[in-house]
Structures are given as structure tokens and as C-alpha cells.
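[1] Compute the structure for the input listed below.
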Amino acid sequence: MPQIRKKKIREAEIPTASQADLAFLLLLFFLVSTTIDVDTGIGLTLPEYVPPEEQVKVEVSKERIANLLINEAGDILLDNEVVSVGQILPKIKPRIIEKIELPANKKLIVSVKTDANTNYNRYIQALDQVKEAYFEVREEYAQKTWGKRVIDLNEEQMNEIKEKIPIIISIAEPEVVKK
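    Purely as a prediction, here's the structure:
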């Protein structure tokens with residue numbers, strides 16, 4: 001009787017020679033297509049440089065200024081009253097609102113001054129509270145005037161809000177206090 005031979009079944013092999021190339025291409029693809037979030041710093045519009053001989057001193061009445069002082073220990077003084085970071089917004093907001101209908105040269109100026117050794121985090125928290133007060137007033141004005149959120153306004157309406165409620169923050173140079 002003839003013997004039946006079993007056929008050897010070939011084992012499937014995955015070619016590994018090009019795996020390094022594929023890994024490199026995938027890595028390159030993700031490096032090129034991924035965006036990396038970069039810290040952009042504090043979004044402030046700085047004034048244009050004016051040489052000292054061309055600078056004009058302008059007298060500003062005391063009721064237009066909200067003095068925000070932050071010392072080395074992180075204590076906050078708003079118009080000679082000790083406040084916490086959370087109290088800045090509710091104290092500044094009414095002062096912004098009361099000056100909405102006044103001309104540009106009568107708007108509120110928030111003057112922020114720190115000690116040279118003030119904790120940077122405390123400074124940013126205070127500045128954020130001031131900006132938030134302005135943003136909330138703008139939002140309320142947009143709702144009252146047009147029944148829309150600020151983000152939904154057209155360019156003309158945005159310009160009107162910026163004119164009515166300008167964000168005027170004066171950041172003074174920190175002082176070095178000698179002990």
C-alpha cells in the first residue's frame with residue numbers, strides 16, 4: 001500500500017525588515033501633524049514708546065483711579081482697604097459700571113503696583129480678577145443692549161463695547177523696598 005505523505009503547511013511569516021521604516025514614518029507623521037501648545041505669556045497691549053522729551057503729563061482725578069497694591073507677603077490693598085483676591089472683582093465692577101456713560105477721559109483706570117519680591121502667582125490672580133470685572137461688565141452690557149453674548153457681536157457692536165468699556169489697566173514698575 002502506498003504511503004500517504006502529509007504536506008507540510010508553511011507557517012505564515014510577517015516580514016520584519018521594514019518595521020523600522022514604518023515606525024520612523026509614523027513618528028515623523030505625528031511630529032509634523034501635532035500642534036504643541038506654547039505659553040504665550042500675559043496678553044497685554046503695551047503703549048507705544050514715547051521719548052521722554054515728547055511725553056506729556058496728564059492730570060488724572062483721584063476718583064478715576066482704583067489703586068491696587070500687592071506687597072511682598074501677597075497682601076492686597078485696594079484703595080487703602082485690605083482685600084482678598086476674591087474681593088477684587090466685586091469691588092471694582094461697580095466702579096466700572098458707574099463710568100460706562102462717561103466720556104473716554106473720565107473712565108476708570110486700575111493702577112496695579114507690586115513690590116519687587118511679590119509672588120508672581122498672586123500678581124497674576126489679582127490681574128485676572130481686574131480683567132474678569134471688565135469682561136463681566138462688557139458681557140452684561142451686550143446682553144442688556146443687544147440681547148447677545150459678546151462673542152456673538154458683530155464688529156461694529158464690538159467697537160462700541162470697547163469704546164464704552166475700555167480696559168484701562170496701568171501697571172507700575174515694582175519698587176524695591178530697602179529694609
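[2] Tell me where this structure has helices.
    19-33, 85-97, 120-146, 155-164 (DSSP state H).
[3] Could you dump those helices into JSON lines with distance to residue 78 and mean pLDDT added?
    Using the backbone N, CA and C atoms, a C-beta is placed for each residue, glycine as well. Formatted as JSON lines, the helices of the chain follow (distance: least, Cβ to Cβ, whole Å; pLDDT from 0 to 100):
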{"stretch": "helix 19-33", "distance to residue 78": "48", "mean pLDDT": "88"}
{"stretch": "helix 85-97", "distance to residue 78": "6", "mean pLDDT": "93"}
{"stretch": "helix 120-146", "distance to residue 78": "9", "mean pLDDT": "93"}
{"stretch": "helix 155-164", "distance to residue 78": "24", "mean pLDDT": "93"}
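[4] Now these in JSON lines, please, with extra columns for distance to residue 57 and mean neighbour count.
    What follows is the helices of the chain, written out as JSON lines (distance: least, Cβ to Cβ, whole Å; neighbours: other Cβ atoms under 10 Å):
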{"stretch": "helix 19-33", "distance to residue 57": "54", "mean neighbour count": "9"}
{"stretch": "helix 85-97", "distance to residue 57": "24", "mean neighbour count": "16"}
{"stretch": "helix 120-146", "distance to residue 57": "24", "mean neighbour count": "17"}
{"stretch": "helix 155-164", "distance to residue 57": "25", "mean neighbour count": "13"}
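[5] Distance to residue 8 added to those, as TSV?
    Below are the helices of the chain laid out as TSV (distance: least, Cβ to Cβ, whole Å):
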stretch	distance to residue 8
helix 19-33	27
helix 85-97	79
helix 120-146	72
helix 155-164	78
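[6] And for residue 71, nearest residue in space, chain neighbours not counted?
    Closest residue to residue 71 apart from its sequence neighbours, by Cβ to Cβ, 6 or more residues apart in numbering: residue 115 at 5.1 Å.
[7] for residue 139, that is, sorry about that
    Leaving aside its sequence neighbours, residue 139 sits nearest to residue 150 (Cβ to Cβ, 6+ apart; 5.4 Å).
[8] check contacts around that neighbour.
    Going by Cβ atoms under 8 Å, 6 or more residues apart in numbering, residue 150 touches 135, 138, 139, 142, 158, 161.
[9] Was I right to think the last one contacts residue 138?
    Yes: under the criterion of Cβ atoms under 8 Å, residue 161 makes contact with residue 138 at 5.3 Å.
[10] What is the burial count for residue 59?
    Per other Cβ atoms under 10 Å, the neighbour tally for residue 59 reads 4.
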